[in-house]
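>>> here is my input, please return the structure:
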Amino acid sequence: MLDNLIEKILSYSPNADIELVKKAYYFAEKAHEGQYRKSGESYFIHPVNVAMILAEYNMDTDTICGGLLHDVLEDTDITCEEIIEEFNRDIAELVDGVTKLKKLDSKTKKENQGENLRKMIIAMAKDIRVVIIKLADRLHNVRTLQHMPDAKKKEKALETLEIYAPLANRLGMSKLKAELEDISLRYMDPEGYYDLVEKVDKKRAEREEIITKFINIFKENLDEKNIEYDISGRPKHFYSIYKKMYYQNKNFNELFDLTAVRVLVNSKSECYTVLGIAHDIWKPIPGRFKDYIAMPKPNNYQSLHTTVIGPGGEPCEVQIRTWEMHKIAEYGIAAHWQYKQGQSKGIQSQPTKMSNFDEKLTWLRQLIEWQKDLHDPEEFVDSIKVDLFAEEVFVFTPQGDVVNLPNGSTPIDFAYRIHTDVGDSCTGAKVDGRIVPLDFKLKTGNIVSIITSKANNGPSRDWLRIVKSSQARTRIKNWFKKVDREDNIIKGRENIEKDVKRYGYKESKILKEEWLKKIAEKLNFNSIDDMYASVGYGSTTISAVVSKLKDFYREEYDEEVIPLEPENQISKKEYKEMKRSENEKKKTEPDAEGVIVKGIDNLKIRFSGCCNPVPGDEIIGYITKGRGISVHRKDCPNIVSEDEKERFIEVEWADETEQQKSYVATIEVKSLDRTGLLTDITMIIANSDLSITALNTRTKDRVVYITITMTIKDIDQLKKLMRNINRLKAVIDVYRVTT
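Okay, the predicted model is just below:
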């Protein structure tokens, strides 16, 4: 493995510090000794593969060493100081940066994902190589997903499609992005993936024959112009085909770009010459020409795209670019280190092209600026997906400057992209010289002019329903926050005070300024008033503040507080009397609901509506005042509270019940959206002889969530149903939900 790695590094960087790579290799091998992967093979194989992926992207030796060592801080006793001592500070910081991103893999809740995405953005700003190592790490992990449980496969595949593949695309690393997507699709929708593979294979011979004929005709005409070129068939990765079929409702036979060729030449002018030759030979399809050379994508991708009617009347896509453009298209931001070394083949001729490195990361600086205004983690995750990963449109200012915006953006989004003041004072807009409404959907190529007025009173709240970009939405919200700031501060403070009283705390003992300051800093606020204002506005939840205050209180006073409210809770004295009576009661009989309460009878028992326990679930009782005992599932989030542990009592299901009772259960199905999904699910439920009492669906980011409430007999029946639904095509996950 070491020989292969060294051979690859020397192929693009003959002067590389190979001794440093060897040292990192043996250091990591020793550190991971005795550790194994799920597959049973030595764990050390993973970091070596990560390093090899980085070498395939012609990364510098520090990054490759970082890849070899990227797991030693987390999985071994090695410290950061030891890495600095053995290697250098740059390598240590790369390894430390990747280690801090590790939690992203294990967190699935959006709040945690949001906070870890912030870490990733900050890590990119400090040294973007940290994220390149992370992408290589994820690529090898998805390559070996077959060794994971089925549920974990889908979870990792979805996370890869939602976060890592779009991030690779934003960094211009199209080759890595394509592999991440194709592998993830195989685990997300196996049936759809293999059906697509079969369809592509069936037409492979026919397509190769058309491409060969197309290339031969093209070559004859290019040779006449004495142009130095390279021409080849362009592979189309499966996920891009899948997206067009499922999200654009296209038939496999309707896709234009399954047959495609790529032409590489030496200069930009030759790109346009080749385009002219292609259009002379074959008739171009209207609306299919894109000039990404004149208007590069935000990830610096440059190329000419056109689709023509080729031999036999078959449409064929043609991509035309220079060698340098091709290198950047394949390697993206990683090409920066190739230019830095000046050793990479095919790009020595113009080593200064990537020298304006900071300009390539303008989008990252914008993202860092915007995230400062977003304190709600869920909103931050959504903004990332919209502004960073969504499809884009390219429009022009009247001066001819290009502005990129998320697809579906309006003149208001454009105004706020120009400047906050322009957005706040916007009263109208012109697109291509004519006045349009503010909810007009911009298209690539539009020339946009904003009409402003100093007399304008600021943005309208209705704009929040119109705008597409999170930048515009955040700026509009900030305007209203400033206008209503004093009222929000008062409202936020009162809400927090009311909540701590509800839990039985004295304000003087828990609302300490030093604690509030620490919490404000932890939640990324500049002051306590900013935090109060955010709570009052609704951007930050009351529980986010109060739960941390309770933690400080417990550490300081080491005592429990009995909540004074709500009314259905009992006092500590009443509870102790009830506990004392348990010793006097020997009788334990099943109640009418089929549940035994140990030590107590003649109490009213009800099932909690938040988690709907059913026979087979692990359950626990919660003693209430006036309403008897409420039975919850043990994993119900509403009963996890150290402050109220004395209110819990042991309960269990009776072994047998004379009556056949029905229980209510709620599940949620998470799936890629597709035709017939709901019909398939309801058929499975009907075939299981179950009755649906409620059903709700919602779709977000091309993923559909279906919440179903039904009556069942026991947990085994529910588990069988969930397994059957989980086997359906495109279903990502099926799980029980609580309210």
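
>>> switch to C-alpha atoms for all contacts and neighbour counts from now on
Fine.

>>> for residue 706, which residues are in contact?
Remark: with contacts taken as CA atoms under 8 Å, 6 or more residues apart in numbering, residue 706 is in contact with 668-670, 695-698.

>>> quick check, nearest of those residues to residue 680?
Each of these was checked against residue 680 using CA to CA; the closest is residue 669, at 12.0 Å.

>>> which helix or strand in the protein has the lowest average pLDDT?
Among the secondary structure pieces of the chain, namely its helices and strands, helix 103-106 has the lowest mean (mean pLDDT, DSSP states H and E), a mean of 42.

>>> the nearest residue to residue 74 once chain neighbours are set aside: how many residues sit nearby?
Closest residue in space to residue 74, ignoring its immediate chain neighbours: residue 99 at 6.3 Å, by CA to CA, 6 or more residues apart in numbering. Residue 99 is flanked by 18 other residues according to other CA atoms under 10 Å.

>>> ok, now residue 539?
With neighbours defined by other CA under 10 Å, the count for residue 539 comes to 16.

>>> then the one 5 residues further on?
In terms of burial, residue 544 registers 12 neighbours under the definition other CA under 10 Å.

>>> circling back to that earlier point, now do the contacts for the residue nearest to residue 74.
By CA under 8 Å, 6+ apart, the neighbours of residue 99 are 70-71, 73-74.

>>> what about it, distance to residue 333?
21 Å (CA to CA, to the nearest Å).

>>> report pLDDT for residue 133.
In the predicted model, residue 133 carries a pLDDT score of 90.

>>> and for it, nearest residue in space, chain neighbours not counted?
Nearest-residue entry for residue 133: residue 67, 5.9 Å, with adjacent residues in sequence omitted and distances by CA to CA, 6+ apart.

>>> report all helices and strands that the helix or strand harbouring that neighbour contacts.
Following DSSP states H and E, the helix or strand that holds residue 67 is helix 61-68. Contact analysis of helix 61-68 by 3 or more CA pairs under 8 Å, 6 or more residues apart in numbering; DSSP states H and E lists helix 18-31, helix 45-56, helix 89-101, helix 129-143 as its packing neighbours.

>>> and it, how far from the chain's centre?
Distance, stretch centre to chain centre, for helix 61-68: 26 Å (CA atoms, centre = their mean, to the nearest Å).

>>> what angle sits between that helix and helix 18-31?
Here helix 61-68 runs at 10 degrees with respect to helix 18-31, directions being taken by axes from the mean of the first three to the mean of the last three CA atoms, to 10 degrees.

>>> which neighbours does the host helix or strand of residue 430 have in its sheet, and in what orientation?
When secondary structure is defined by DSSP H and E, residue 430 falls within strand 426-431. Sheet pairing of strand 426-431 (DSSP bridges) gives strand 434-436 (antiparallel), strand 448-452 (antiparallel).

>>> any idea which of these is most buried?
Ranked by mean neighbour count, those are led by strand 448-452 with a mean of 20 (mean count of other CA atoms under 10 Å).

>>> counting contacts, what elements does the helix or strand just after that strand pack onto?
For strand 448-452, the succeeding helix or strand toward the C-terminus, using DSSP H and E, is helix 463-466. Using 3+ CA pairs under 8 Å, 6+ apart, the elements in contact with helix 463-466 are helix 470-483.

>>> okay, buried residues for the helix it packs on please.
Within helix 470-483, the residues scored as buried using 16 or more other CA atoms under 10 Å are 470-477, 479, 481.

>>> save those residues as CSV, and put in distance to residue 281 and pLDDT too.
Written out in CSV, the entries for the buried residues of helix 470-483 read as follows (distance: CA to CA, whole Å; pLDDT from 0 to 100):
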residue, distance to residue 281, pLDDT
470, 45, 77
471, 46, 79
472, 46, 87
473, 48, 84
474, 50, 81
475, 51, 85
476, 52, 87
477, 54, 81
479, 57, 85
481, 60, 75
